[in-house]
Structure formats: C-alpha cells, structure tokens
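Colleague: my questions are about this predicted structure, shown below with the sequence.
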Amino acid sequence: MEMVTIHGDEWKKEDVEEPIAWAKTKKWSKTQWYSDSENWDHDHCQICWWKLYKSEQPEHAIGYHNSENDNWLCTECFEQFVEIET
Ligand SMILES: [Zn+2]
C-alpha cells in the first residue's frame, strides 16, 4: 500500500487522493491565514485537516487560499501534492 507523510504522520495515499485531485483543479495563493469574520478563528487544510490560524508558527499561520470557495490548504500539502511540476 502506498503511504504518504504529512506533518510527520503517515497517511494512506488513497485516503488523500480525492482532495488532492480536487485541489489540483483550483487556484491557490500563498498567504497569511485570515478570516473575514471575527467569530471565525481557524480553518483546516482540505487534504490533511491541519489547523490554520493566527499563530507565531509559520506552518500554522501561512497557507494557500482559494478565494472562489474560501478553502485552505496547508503549505506542506500544497507543495507536496498540488503544485504542478512543469
Ligand atoms: Zn495539509
């Protein structure tokens, strides 16, 4: 079985294939995590559910945002799975 490592944890590749395929069809821009609502204090990576929020730690504070759906990916998932190799 093929495994992938995300934030030090092993995942079955088949469990993340679907969100990865979806993410590849979207446009992402790297940005500091933010929210338009004061009551909304975090988001989760759509692939691995890593928490993104206002933080001193860049791995939590910086992610990739898709403004069309207001979705987020963590840097590690984006750079490992989504970034298109050209
Ligand atoms: Zn992730």
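Modeller: Now that the structure is in, tell me what you want to look at. Numbers count the residues shown, from 1 in each chain.
Colleague: just give me the neighbour total for residue 72.
Modeller: 23 (other Cβ atoms under 10 Å). All C-beta spots, glycine's among them, are computed from the backbone N, C-alpha and C.
Colleague: tell me which element it is part of?
Modeller: Residue 72 belongs to strand 71-74 when assigned by DSSP states H and E.
Colleague: can I get stretch 36-44 as CSV, trimmed to CA atoms?
Modeller: In CSV, the C-alpha atoms belonging to stretch 36-44 read as follows (Å, rounded to 0.1, in the frame of the first residue of the first chain):
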residue,chain,number,x,y,z
ASP,A,36,-13.4,37.8,7.2
SER,A,37,-15.4,37.1,10.3
GLU,A,38,-14.4,37.9,13.9
ASN,A,39,-16.2,34.8,15.1
TRP,A,40,-14.2,32.5,12.8
ASP,A,41,-10.8,31.8,14.3
HIS,A,42,-9.4,28.9,12.3
ASP,A,43,-9.7,26.8,9.1
HIS,A,44,-8.5,23.3,8.2
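Colleague: who touches it?
Modeller: If you take Cβ atoms under 8 Å, 6 or more residues apart in numbering as the criterion, stretch 36-44 is touched by 33, 35, 50-54, 63, 71-72.
Colleague: specify the beta-bridge partners of residue 29.
Modeller: Beta-bridge partners recorded for residue 29 (DSSP bridges): residue 65.
Colleague: who are the neighbours in contact with it?
Modeller: 64-65, 67.
Colleague: can you pull the buried residues of stretch 58-65?
Modeller: Of the residues in stretch 58-65, 60-61, 63-65 count as buried by neighbour count, 16 or more other Cβ atoms under 10 Å.
Colleague: how distant is that stretch from the center of its chain?
Modeller: In this view, stretch 58-65 has its centroid 8 Å away from the chain centroid, taken as Cα atoms, centre = their mean, to the nearest Å.
Colleague: gap between the two ends of it?
Modeller: 15 Å (Cα to Cα, to the nearest Å).
Colleague: hang on, the earlier thing: of the contacts of stretch 36-44, buried ones?
Modeller: Buried among the contacts of stretch 36-44 by 16+ other Cβ under 10 Å: 33, 50, 52, 63, 71-72.
Colleague: grab the nearest non-local neighbour of the most centrally placed residue in the chain.
Modeller: In the chain, the centroid-proximal residue (Cα atoms, centre = their mean) is residue 73; its distance is 1.6 Å. With Cβ to Cβ, 6 or more residues apart in numbering as the criterion, residue 73 has its nearest non-adjacent residue at 4.4 Å, and that residue is residue 64.
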